[in-house]
Structures are given as structure tokens and as C-alpha cells.
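1. generate coordinates for the sequence data below:
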Amino acid sequence: MVDIYHIGSTSVQAIGYAKPIIDILIVVKDIENIDLYNEELLKVGYEPKGENGISGRRYLPKGKENRTHHVHIFQVGNENIKIHLDFKKYLMKHPEDAKRYGDLKIKLAKQFPENHYKYQTEKQKFVKELVGRARNWANFLLS
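-> Residues are numbered from 1 along each chain as shown. Below you'll find the predicted structure:
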């Protein structure tokens, strides 16, 4: 392991609404080695799901229907590390956008209480917009 970060809505106070799930981003030297620990991770409640739609990631939720954790593991240099960290930093520096994000999550949770897929699909539209803003903001800071 190289680094570990608390990401996701519970890590940004200004969002104001978060499901009680901790999102953790772990950076490792060699992503392939993570698969060697799948049996041990299962024993402590994590469910190895491989890349689960994001190339180069290992995704491990914990808690089944009553999820408590989402662990996202990436190898050093994976572009998704910067995307996740820039997103969090952007929301922390732009509380008005963080609040809009939280308000949307509340609205969608009420609208789709039993349909996680629909909730995520609708939320992703705004998340993509925020990721773009975060990328532009981070690039501006570097220039």
C-alpha cells in the first residue's frame, strides 16, 4: 500500500447528505497482488468484485444489502486516483456545488427509495458535470 484516502460524500461536510457508507480509496504498487487476498477479504466481510466497470480498479463493498464500506483500489499512476481526489477537493472548496449535490441525492433517494440502479443513473448525470468542473479547476490551479 502506498496511500489511503477517505473519499465520497461522508468526507465532504458541505454535501449535507450521505448514506452511512464510507468510501475508501487505496493506492497500491501492484494491483494484481490485491487478488491474492480475496479469500481473506471475504472472511472479514468484503466482497471482491474485480474491476466492476472501471478498468484497473479493484472494488470491494462490505455489508451486502446494508453496505457500510466501499473500497476502491488503484495502482500508482491510474488516472482515476486524481479524478477522485480532485472531485473531493473541488467539493470542499466549492460548498455551493457540494450542497447542490447533497440536495440532489436527497431528492433522488426519496424518488427512488427501492431502486438503487435508477438512483445511481440519475445521480451520475450531475456527477459527470461536477467531475468536469473539478478537472478544469484542478488544471487551472496547476497552470
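2. what helices or strands is the worst-scoring helix or strand of the chain on mean pLDDT leaning on?
-> Every helix and strand of the chain was ranked by mean pLDDT, DSSP states H and E. The lowest is helix 116-142, at a mean of 93. If contacts are counted by 3 or more C-beta pairs under 8 Å, 6 or more residues apart in numbering; DSSP states H and E, helix 116-142 sits against helix 79-93, helix 95-111. Yep, even glycine has a C-beta here, placed from its N, CA and C like the rest.
3. who wins for proximity to residue 32 among these?
-> For the helices and strands packed on helix 116-142, proximity to residue 32 was assessed by C-beta to C-beta; helix 79-93 is nearest, at 16.6 Å.
4. ok, how many other residues are close to the closest residue to residue 62 other than its chain neighbours?
-> Nearest residue to residue 62, sequence neighbours excluded (C-beta to C-beta, 6 or more residues apart in numbering): residue 69, at 4.1 Å. For residue 69, the count of nearby residues is 15 (other C-beta atoms under 10 Å).
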